[in-house]
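Chemist: coords please:
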Amino acid sequence: MITVAKSFDASIKLAFPQDLIENDPIAANKFPMLELGVVVVPSAFIALLLCYDMSHQRSRLYFTVSFIVYIIALIVTILILQIFKHAQPALLYTVPLCLIFPLLTAWIRKDWTTIFAYEDHASDKKRA
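Modeler: Reported below is the predicted structural model:
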């Protein structure tokens, strides 16, 4: 998977300098990558939580929780890449964190059944 990602030169990966602390940022030569799926998959889930927030309550609690946790998960992923200096599957860190905290929030707020029964009917309202 790493070999394919490195050889494929397109906008499917996010690269950032790994040896930024040791070297000058311009002279950085090691670039670990985050694949585009690390952005797309959690973003779709966060967007779904925003739709849920907008249809069931006035606050954006689930969106805010999931967005903050997603940023923390990306920071954890980058730190793990910096510490181990080896490619890691980033979804291993982002998906569990992005799932656990909104579900924990739903459990605390007793929205457990409504969040699992959510269906977006915005397209049905536009047709009527």
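
Chemist: contacts, neighbours, all on C-alpha from now
Modeler: Fine.

Chemist: now do the lengthiest helix in the chain: which elements does it pack against?
Modeler: Of all segments of type helix in the chain, defined using DSSP state H, the longest is helix 61-84. Applying 3 or more CA pairs under 8 Å, 6 or more residues apart in numbering; DSSP states H and E, one finds that helix 61-84 contacts helix 37-56, helix 91-108.

Chemist: the same query, at a cut-off of 10 Å, please.
Modeler: In terms of contacts (3 or more CA pairs under 10 Å, 6 or more residues apart in numbering; DSSP states H and E), helix 61-84 is packed against strand 33-35, helix 37-56, helix 91-108.

Chemist: want to throw those into a markdown table with mean neighbour count?
Modeler: Putting these into a markdown table (neighbours: other CA atoms under 10 Å) gives the following:
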| stretch | mean neighbour count |
| --- | --- |
| strand 33-35 | 21 |
| helix 37-56 | 16 |
| helix 91-108 | 17 |
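
Chemist: lowest-confidence stretch among the ones you listed?
Modeler: Ranked by mean pLDDT, the helices and strands packed on helix 61-84 bottom out at strand 33-35, with a mean of 68.
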